[in-house]
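Engineer: can't give you the sequence, but here's the structure:
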């Protein structure tokens, strides 16, 4: 090939590369141009609105990031209690966030203060709402112990402000998480300029409350439809469109803005156990395979570090009659609970994942973890609901007159819903027809407790005779069925199940709690251990912490590399 042809070829090659480079740059020259259609995104003149500047989910108040992964759930070591309810199985957990500490008395008191202001117990219509949220301070009493100082002071005295709240049932913990979700999103929207400044403090009352779900589905109905609160001055708002006459539209934040965060909730058992193990820095095969005994490294409860050698790593019962050690020596610093952050965190930065108080998790208890059916984000307790609709197709928002109260098995009355929320109803055939991934609203008993999983499936009978079941119709989890009703005068009538043929204490209303407490021996500090307790009852050794799902990338580090 002569030199002229070589030069011509090189010129053509350079031109081709230039055109290719230019075309590539053109296709991605504007992040506000659609790669699907070429149309403008986020134009003030209208069109599709989307947050193209979103980097990653911001860490909400009180939470720390837990990067998901694979781990061995359950106990590999000896099962000395012979519970046979935590056989090892491999699970994968998506990344999520978890409270750095257990929810404290001060945090819960903030919740009670809000309830008391918005639904004053002096009003007969709201008295049960406030009383239903109050922790049971009588859990501290002991027939042969003098604990009245805790009964009277533990919840409210500032000396216990940073101590974990106890006396809270699973139901109350869930309601706290729901309240927290709404308050945080209310704050986020206010800071972004979508809501009137300080609306959450000044203008809130029983008829003008904020609900995240209501704001997403029907923003004009938030705060009881008070437009002065909903429509703010527009400080830093995104996605505001202006029509030809200069009128604003699209002034409400949507999920597309990225401002509304996922909800606070109780962690699943799998998430809690994974987070407690603190496997972020683990590179040992044995530890990865489930050999890690505590949230900290090592096989002992005392520190091996030179500066604090011999110090206890958690707050637990060290022996019979020994709740803290000898005063001034070998002491764990507490006899009952202790202030959060009194002991070193695990590798995820989580405090008190062993000891102090045990913690509620979201799951309904079953002895078996059905990893053959699912090994990804395992959770038992799904009850699927949907928004209730009015006849005109709009969502039905709960008003003061629509509040429904439930009487729990222990006689306590709690509100099932609150004003401002969207009424929820079970999903029906419209959502389940021909689906393969779920077939009904309540999936708690799936493959363990439903008819198909019962030993007596062929002779199964849903109808009991005189409130009793014979051996031929006994269900897998045949727990006592106490009855609590109210007579015509409103008095509580309690009827105890005194039959002798009940086979179990397990039912659909008992929830798992994890971790050891100030009242437990060392054995229960292992994150794999699991126990259960009725969801509507409370103790002096069970507290809780909240979690939140992560949206977007699995790892924060990957985002940093990309940016």
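Structural biologist: That came through fine. It should be emphasised that the depicted structure is a prediction, and the values quoted were computed from it without experimental measurement.

Engineer: so where's the longest strand in this structure?
Structural biologist: strand 358-364 (DSSP state E).

Engineer: Each with direction, which strands does that strand pair with?
Structural biologist: strand 510-514 (antiparallel), strand 542-543 (parallel) (DSSP bridges).

Engineer: Report the distance from it to the chain centre.
Structural biologist: 10 Å (Cα atoms, centre = their mean, to the nearest Å).

Engineer: so for that strand, what's the average pLDDT?
Structural biologist: The average pLDDT for strand 358-364 rounds to 98.

Engineer: try stretch 482-490
Structural biologist: Mean predicted confidence for stretch 482-490 is 83.

Engineer: My read is that residue 188 contacts residue 258, right?
Structural biologist: No: contact criterion Cβ atoms under 8 Å: residue 188 and residue 258 do not qualify, at 10.0 Å. For every residue, glycine as well, the C-beta is placed using N, CA and C.

Engineer: Now do the longest strand of the chain: everything it contacts.
Structural biologist: 102, 168, 170, 173, 265-269, 271-272, 379-381, 444, 508-517, 520, 524, 531, 541-545 (Cβ atoms under 8 Å, 6 or more residues apart in numbering).

Engineer: Now residue 197: closest residue in space that isn't a chain neighbour?
Structural biologist: Once flanking residues are discounted, residue 197 sits nearest to residue 190: 6.1 Å by Cβ to Cβ, 6 or more residues apart in numbering.

Engineer: Next, the one you found: secondary structure please.
Structural biologist: Judged by DSSP: H, G, I helix; E, B strand; the rest coil, the three-state class of residue 190 is helix.

Engineer: re earlier: from the contacts of strand 358-364, which land in strands?
Structural biologist: Among these, the members found in strands (DSSP E) are 265, 510-514, 531, 542-543.

Engineer: what are the ranges of the helices in the stretch 151-300 of the chain?
Structural biologist: With DSSP state H, counting those that start in this stretch as the definition, the stretch 151-300 of the chain shows helices at residue ranges 170-191, 199-202, 212-217, 227-230, 269-277, 285-286.

Engineer: which of those helices sits most buried?
Structural biologist: Among those, the stretch with the highest mean neighbour count (mean count of other Cβ atoms under 10 Å) is helix 269-277, at a mean of 26.

Engineer: residues touching the nearest residue to residue 454 once chain neighbours are set aside, list them.
Structural biologist: In space, and not counting its chain neighbours, residue 454 is closest to residue 476: 4.9 Å by Cβ to Cβ, 6+ apart. By Cβ under 8 Å, 6+ apart, the residues touching residue 476 are 448-449, 453-455, 504.

Engineer: How much space separates residue 476 from residue 503?
Structural biologist: Applying Cβ to Cβ, to the nearest Å, the value for residue 476 to residue 503 is 8 Å.

Engineer: Repeat that for residue 36.
Structural biologist: Distance from residue 36 to residue 503, by Cβ to Cβ: 59 Å.

Engineer: More neighbours: those two, which one.
Structural biologist: Using other Cβ atoms under 10 Å as the criterion, residue 36 and residue 503 rank with residue 503 on top: 13 against 7.

Engineer: Does that one touch residue 480 like I think?
Structural biologist: No: counting by Cβ under 8 Å, residue 503 stays clear of residue 480, with 10.0 Å between them.

Engineer: quick one, what contacts residue 324?
Structural biologist: 315, 318, 331-335.

Engineer: again with residue 323
Structural biologist: Residue 323 makes contacts with 317, 334-336, 518-519, as judged by Cβ under 8 Å, 6+ apart.

Engineer: just residue 380 next, same as before
Structural biologist: 363-364, 366, 370, 444, 446, 448.

Engineer: same thing with residue 220?
Structural biologist: Applying Cβ under 8 Å, 6+ apart, the residues contacting residue 220 are 227, 230, 252.

Engineer: any idea which of the residues you listed is closest to residue 405?
Structural biologist: Comparing the contacts of residue 220 against residue 405 with Cβ to Cβ places residue 230 closest, at 28.9 Å.

Engineer: Correct me if wrong: that closest one contacts residue 190.
Structural biologist: No: contact status for residue 230 versus residue 190: not in contact, 11.0 Å apart, counting by Cβ under 8 Å.

Engineer: shared neighbours, these two?
Structural biologist: residue 196.

Engineer: Redo the contacts of residue 323 as CSV? Include neighbour count, pLDDT and distance to residue 402.
Structural biologist: What follows is the contacts of residue 323, written out as CSV (neighbours: other Cβ atoms under 10 Å; pLDDT from 0 to 100; distance: Cβ to Cβ, whole Å):
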residue, neighbour count, pLDDT, distance to residue 402
317, 21, 91, 47
334, 21, 91, 45
335, 15, 91, 47
336, 21, 95, 41
518, 24, 96, 42
519, 18, 96, 41
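
Engineer: JSON lines for the residues you listed, including distance to residue 394?
Structural biologist: What follows is the contacts of residue 323, written out as JSON lines (distance: Cβ to Cβ, whole Å):
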{"residue": "317", "distance to residue 394": "55"}
{"residue": "334", "distance to residue 394": "53"}
{"residue": "335", "distance to residue 394": "56"}
{"residue": "336", "distance to residue 394": "51"}
{"residue": "518", "distance to residue 394": "50"}
{"residue": "519", "distance to residue 394": "50"}
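
Engineer: what sits against residue 179?
Structural biologist: Contacts of residue 179 (Cβ under 8 Å, 6+ apart): 111, 114-115.

Engineer: mind running it again at 7 Å?
Structural biologist: Contact analysis of residue 179 by Cβ atoms under 7 Å, 6 or more residues apart in numbering lists residue 111.

Engineer: measure it to residue 212 for me?
Structural biologist: Applying Cβ to Cβ to residue 179 and residue 212 gives a distance of 11 Å.

Engineer: Excluding chain neighbours, give the residue nearest to residue 140 in space.
Structural biologist: Counting by Cβ to Cβ, 6+ apart, residue 140 lies nearest to residue 150, which is 4.0 Å off, once chain neighbours are set aside.

Engineer: What is the neighbour count of residue 135?
Structural biologist: 20.

Engineer: Enumerate every residue touching it.
Structural biologist: 108, 155, 165, 167-168, 538.

Engineer: Which stretches in the stretch 401-550 of the chain count as helices?
Structural biologist: Counting by DSSP H, counting those that start in this stretch, the stretch 401-550 of the chain has these helices, from start to end: 429-432.

Engineer: remind me which residues of it are low pLDDT?
Structural biologist: Along the stretch 401-550 of the chain, segments meeting pLDDT under 70 span 455-475.

Engineer: can you give me the strands in it?
Structural biologist: With DSSP state E, counting those that start in this stretch as the criterion, the stretch 401-550 of the chain has strands at 405-407, 413-415, 424-426, 483-486, 492-495, 510-514, 530-534, 542-543, 547-549.

Engineer: Please pull out the lowest mean pLDDT helix or strand from the protein.
Structural biologist: Between all helices and strands in the chain, the lowest mean by mean pLDDT, DSSP states H and E belongs to helix 285-286, at a mean of 46.

Engineer: picking up where we left off before, single out the most deeply packed of the strands paired with strand 358-364.
Structural biologist: Ranked by mean neighbour count, the strands paired with strand 358-364 are led by strand 542-543 with a mean of 30 (mean count of other Cβ under 10 Å).

Engineer: Brilliant, that's me finished.
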